[in-house]
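1. Okay, sequence plus prediction incoming.
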Amino acid sequence: MTSTAMPSQARSEANATLTAALLVLVVASATIAGAWFFQLVLDILPCPMCLEQRYAYYTIIPLSALVALGAATGAPRPLLIAGLIVIALIAAGNSVFGVYHAGVEWKFWQGPTDCTGPLVDFGKAGSLLDQLDKVKVIRCDEVQWRFLGISLAGYNALISALMAAIAGWGVVRSAKG
């Protein structure tokens, strides 16, 4: 009886790891695709903090793909659990950063004063003022878009918390045994 229970349990743990990694991969990929859609199609440009929040996704996407591949090919369980833990920590940290950014937008606290815009070609001094008039400055404390009262930074906080929870679920399920 135990000889059949162990392979079934091992499959269940591998399935939990695979499921968690694939869910995180899908959520992270859809989120970053949405961010690019807002930027490239809707012309809602990101502020410096928005761009920094994307770094987590650029790390989580390939890492979750590697964990999923490892789970599908029978990689050592401790390695897979470590991968999920790293994903959970990155996502949780990004969620905190998203909350911080949303707080800056709501004026709960002061944030950085960095701004972003296209580089100006100073070689054409005659048109410098014209170029500066066309620069769209994106401030971290101004919301460009809200849905249901939540900004993109707020949605990042929620989505990152969801990814952290999924990865944490995968860790707990994978560690059983």
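-> Yes, it's here.

2. all helices of this protein, in order?
-> Secondary structure of the chain, counting by DSSP state H: helices at 2-40, 48-73, 77-105, 128-134, 152-175.

3. tell me what the second one is packed against?
-> Read it as helix 48-73. helix 2-40, helix 77-105, strand 115-116, helix 152-175 (3 or more CB pairs under 8 Å, 6 or more residues apart in numbering; DSSP states H and E). The C-beta positions use only the backbone N, C-alpha and C, and glycine is treated the same way.

4. that older thread, tabulate the helices of the chain (TSV), appending mean pLDDT.
-> Listed next are the helices of the chain as TSV, based on pLDDT from 0 to 100:
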stretch	mean pLDDT
helix 2-40	80
helix 48-73	95
helix 77-105	94
helix 128-134	57
helix 152-175	93
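
5. closest one to residue 144 among these?
-> Set against residue 144 and scored by CB to CB, the helices of the chain come closest in helix 152-175, at 7.8 Å.

6. And for residue 111, nearest residue in space, chain neighbours not counted?
-> Sequence neighbours aside, residue 104 is the residue nearest to residue 111 in space, at 3.2 Å (criterion: CB to CB, 6 or more residues apart in numbering).

7. so that neighbour touches residue 110, yeah?
-> Yes. With contact defined as CB atoms under 8 Å, residue 104 counts as touching residue 110 (7.1 Å).

8. picking that back up, now distance to residue 142 too, for the helices of the chain, in TSV please.
-> Converted to TSV, the helices of the chain look like this (distance: least, CB to CB, whole Å):
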stretch	distance to residue 142
helix 2-40	15
helix 48-73	11
helix 77-105	7
helix 128-134	18
helix 152-175	11
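
9. can I get the ones you listed in a markdown table with mean neighbour count?
-> Below are the helices of the chain laid out as a markdown table (neighbours: other CB atoms under 10 Å):
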| stretch | mean neighbour count |
| --- | --- |
| helix 2-40 | 16 |
| helix 48-73 | 19 |
| helix 77-105 | 20 |
| helix 128-134 | 10 |
| helix 152-175 | 21 |
